[in-house]
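K.L.:
A predicted structure for the sequence below; I have some questions about it.
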Amino acid sequence: MAKQITIFLENRPGRIKSICDVLKENNLNIWAFTIQDRGEFGLVKLIVDKPGQAQLALADRGFACALKEILAVTAPDRPGNLDKLTSALLSKNVNIKDVYGFVSPIDKQGICFLEIQNAEGVDVKTLLEPEGFKLLSDEELYEL
Amino acid sequence: MDVPFWNKDIETMPRQALEQLQLQRLREVVGFALKTPLYQKRLAKAWIHSPEDIKTLADLRKIPFTVKDDLRQSYPKGLLAVEMEQVVRVHSSSGTTGIPTVIYYTQGDLDRWTDLLARSIIATGVTAKDIFQNMMSYGLFTGGLGMHYGAERVGLTVIPVGGGNTQRQLSIMKDFKTTLLHITPSYLLHIHQRLAEYEVKLSDLCLKKAYLGAEPYSENTRLKLQDLYGIDIYNSYGLSEMNGPGVAFECICKNDLHVWEDGYIVEIIDPVSGEVLPDGEKGEVVFTNLIRHALPLMRYRTRDLALIHPEPCPCGRTHRRMSRILGRTDDMLIVNGVNLFPSQIEEALMSIPEVGNNYMIYLSTHEGLDRLTVQVELYQKLFTGDLSQLDDLKTKIKDKLRASITINARIELHEPGALPVFEGKAKRVVDERIKL
C-alpha cells in the first residue's frame, strides 16, 4: 500500500512553506498534496517519494505528523471512471473518508488516493481490479 | 431625605455601642472557634484559651490571619465547630487546586445572614411591592440562594430564575413586570445588546432597580448601565467565606458599600507586612465573621483590595462604608462572575496526555460577555493523523475545563513549539477584556 504523511499545521501565513523548506533541505520530492481545513488549523496530506525519511525529518523539526497507509488507485483518464470506482466501493458498503487525485499529463493515467473505512473483510484488490483499476504499491507509485 | 431602615436601632447604633456588640459577638465566635483543632492551636499561641481572654476589641489583633489555604487544608470538616446534625446548609466554591472550600451553616447562621440581606434590600429603597428576578446562579454558589432568602424575608415577589437563557429572562421580565434584578454587570450589559434581537423594547419592561455583584466594575459602568436602562443600580459585595452576599451593600445614597459591622469586623491591612492600615488607605480587606457559628472564620484574608471611607454617610447609618473592589492581591480571575485561578486550568490541561506543556489563557469581551480562550499545543508524539482525534481532543479539553471551573472555554490547538516560551516567570494570562 502507499503511504501518506499527515501534518498538523496552524492556519497562518508561512506554515506550508515551513514544511516545504524541510522537504527541500532533504531533497525529497512531493507527488501529491491536499489540505483539510478546520478553521484555526488544518491537516496537510502529502505523498512523497521517501515517506519514511520525510516523516523523520519533519518530526525532527518538531512537527506533529503521522504516517498512514492509504490506497493509491490508477485508471485511464476517461469520463465515468471515478463513478465506477465509487460504485464498486459502495457495493461493499465501504466508506470513503478522504479522497484526492490528479492526472498524469504524460500517460493520461488518473491517480486517486483514498482513505477508506468500514472495509474489514473486503478484499479491495479483487473488488477493483476486474473493473479496470490498478492498486499501486509503494514502489510502483514512486516509479511513476 | 426619607431613609428606609430594616433595623434602625442597629443600623444607626452609636459606634461605642456597636463596638460593644462586636466584642460580645467576637467572644461567642472565639468560643466556637476553640472547638476546631486549627483555631485551638493558633489561639493558644496567642494566649487565648477561652472567650474571656478577649478583653477588648483590640485583642482581635492578637489572632493570626486565616487564609483560603487553611480552608482547603481543613477539607471537608476540619473547621466545623458544631455537630453535623446542627448543620442545615452547605455552600462551596471551587478550589485553586481541585480541593473545594466548604462553608457550613446552622439554622441560626442562616437566619442572621438572611437578616443582613433583608437589611441590604430595604436600604436600597425596595419594598414588598417589588417583583424580584434573581438572575444569579443557584446551587452551591451563595449568590443565588442568599439573596433569595433575604428577598423573601422582606416580602418581595421572588422569581428564582437563576443565570443564563437571555430570551427566557426577557420574557419573564416582561410577563411578570419585574422591577428588581440581581445580576452580574457583564450580563446586564450583554442583555442590552440583545434586546433588538428578541424584539423587546425597554418600554415593554417595568425595571426600576438592579443589584450588581460577583465581579468588579467601575463607577463609569454603573453610570452607563443606569443610563442605558433608566434604572438605579446598587453595588453588592460578599464572599462565601463571609456567608455570601450581604457583607456590604450600598444604600439609597449609592456612595459605596456599608459594611454591616454588627455581622462582620472589617480591617484593611498592608498585604505584604500584614499591618493594619488606617481608614482611607487602600489595602487588603480582612473580615471576621461575627454571625456564623457552624464554621467560624476570624481575620480572613480576602485577597480583595479596597479602602474604608472615614466620613459618615448622609443616610445616618453608623456602619462604615467600603469602596468597590479596586483589585486583587493574587492571580484570581473573575470570568462572567465565576472566580477561578489559572492553576485550575493548568491542572485540567496537564491531565490530558495529548496536550503539550505550553499553554496560554486569553480573556476577551464578546457581545458584552467575557470569553475565555485556552490555547494548547498538540503533543507531537501522540498525533495519529486523524481529524477526528483533534476534534475529540478539543471536546475532551472543553469538558475537563467545564467540570473544573464551570466555564465553557474556547479551545485552540496549536503546533508543538508555537506558543510563547517564558524565561523566568511565565505570563500565561492575557486579559484583553474591555474594563467594566
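P.N.:
Thanks, I have the structure now.
K.L.:
Quick check, pLDDT for the residue nearest the centre of chain A.
P.N.:
Residue closest to the average C-alpha location in chain A (C-alpha atoms, centre = their mean): A:Phe113, at 4.2 Å. Looking at A:Phe113, its pLDDT is 93.
K.L.:
hang on, it packs against A:Ile47?
P.N.:
Yes. Contact between A:Phe113 and A:Ile47 holds when scored by C-beta atoms under 8 Å: they sit 6.4 Å apart. For the C-beta atoms, the positions are set from N, CA and C on the backbone; glycine is no exception.
K.L.:
who touches both of those two?
P.N.:
A:2, A:4, A:32, A:72 (C-beta atoms under 8 Å, 6 or more residues apart in numbering or on different chains).
K.L.:
Now the two most distant members of those.
P.N.:
The span of the shared contacts of A:Phe113 and A:Ile47, defined through C-beta to C-beta, is set by A:Ala2 and A:Ala32 at 9.9 Å.
K.L.:
Surely A:Cys20 is within a strand?
P.N.:
No. Assigned with DSSP: H, G, I helix; E, B strand; the rest coil, A:Cys20 falls outside any strand and is helix.
K.L.:
From chain B, how far off is it?
P.N.:
15 Å (C-beta to the nearest C-beta, to the nearest Å).
K.L.:
Please tell me how far B:Tyr149 sits from chain A.
P.N.:
Separation of B:Tyr149 from chain A (C-beta to the nearest C-beta): 46 Å.
K.L.:
Might one say that that residue is in contact with B:Thr114?
P.N.:
Yes. The pair B:Tyr149 / B:Thr114 is scored as a contact, 4.4 Å apart, by C-beta under 8 Å.
K.L.:
higher neighbour count, those two?
P.N.:
B:Thr114 (22 against 19; other C-beta atoms under 10 Å in any protein chain shown).
K.L.:
what's the helix or strand for that one?
P.N.:
Under the criterion of DSSP states H and E, B:Thr114 resides in helix B:107-123.
K.L.:
residues in contact with that helix?
P.N.:
Residues contacting helix B:107-123 (C-beta under 8 Å, 6+ apart): B:4-7, B:11, B:86, B:88-89, B:105, B:146-147, B:149-151, B:153-154, B:156, B:236, B:243-247, B:249-252, B:258, B:260, B:263, B:291-294, B:315, B:317.
K.L.:
Buried only: go through those residues for me.
P.N.:
B:5-6, B:11, B:86, B:89, B:105, B:146-147, B:149-151, B:153-154, B:156, B:236, B:243-247, B:249-252, B:258, B:260, B:263, B:291-294, B:315, B:317 (16 or more other C-beta atoms under 10 Å in any protein chain shown).
K.L.:
Which of those fall within helices?
P.N.:
B:11, B:146-147, B:149-151, B:153-154 (DSSP state H).
K.L.:
Identify, from these, the entry nearest to B:Asn357.
P.N.:
Closest to B:Asn357, out of all of those and judged by C-beta to C-beta, is B:Gly146, at 40.5 Å.
K.L.:
Run a quick check on the closest one versus B:Asn243, I expect a contact.
P.N.:
Yes. Using C-beta under 8 Å, B:Gly146 makes contact with B:Asn243 at a distance of 7.0 Å.
K.L.:
Kindly confirm my reading that B:Ser92 is in a strand.
P.N.:
Yes. B:Ser92: assigned to a strand according to three-state DSSP.
K.L.:
Any idea what it is bridged to?
P.N.:
Beta bridges link B:Ser92 to B:Val102, judged by DSSP bridges.
K.L.:
Against chain A, how distant is it?
P.N.:
35 Å.
K.L.:
Tell me the pLDDT of that residue.
P.N.:
Value for B:Ser92, per-residue pLDDT: 89.
K.L.:
and it, how many neighbours?
P.N.:
For B:Ser92, the count of nearby residues is 17 (other C-beta under 10 Å).
K.L.:
who's in contact with it?
P.N.:
B:100-103, B:140, B:240.
K.L.:
Dump the residues you listed to a markdown table, plus pLDDT and neighbour count.
P.N.:
Shown next, in a markdown table, are these (pLDDT from 0 to 100; neighbours: other C-beta atoms under 10 Å in any protein chain shown):
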| residue | pLDDT | neighbour count |
| --- | --- | --- |
| B:Pro100 | 82 | 15 |
| B:Thr101 | 89 | 22 |
| B:Val102 | 94 | 22 |
| B:Ile103 | 96 | 25 |
| B:Leu140 | 89 | 17 |
| B:Ser240 | 93 | 20 |
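K.L.:
nearest to chain A, of those residues?
P.N.:
For the contacts of B:Ser92, the residue nearest chain A by C-beta to the nearest C-beta is B:Pro100; the value is 33.2 Å.
K.L.:
I'd say the closest one and B:Ser74 touch.
P.N.:
No. When contacts are counted by C-beta under 8 Å, B:Pro100 is not listed as touching B:Ser74 (11.6 Å).
K.L.:
I'd say B:Val161 and B:Asn134 touch.
P.N.:
Yes. Using C-beta under 8 Å, B:Val161 is in contact with B:Asn134, at 6.6 Å.
K.L.:
For these two, indicate the residue with more neighbours.
P.N.:
Set side by side, B:Val161 and B:Asn134 show more neighbours around B:Asn134, with 25 against 19, by other C-beta under 10 Å.
K.L.:
mind listing the helices for the stretch 251-400 of chain B?
P.N.:
B:342-350, B:387-405 (DSSP state H, counting those that start in this stretch).
K.L.:
picking that back up, shared neighbours of A:Ala2 and A:Ala32, anything?
P.N.:
Joint contacts of A:Ala2 and A:Ala32 (C-beta under 8 Å, 6+ apart) are A:47, A:113.
K.L.:
So between the two, which is more surrounded?
P.N.:
With neighbours defined as other C-beta under 10 Å, A:Ala2 and A:Ala32 compare such that A:Ala2 has more, 24 against 18.
K.L.:
farthest residue from the center of the chain?
P.N.:
Chain wasn't specified; assuming chain A. Chain A, C-alpha atoms, centre = their mean, max distance from centroid: A:Pro13 (24.0 Å).
K.L.:
Oops, wrong one, chain B.
P.N.:
Distance-from-mean max, chain B, by C-alpha atoms, centre = their mean: B:Gly385 at 44.7 Å.
K.L.:
No further queries at this time; thank you.
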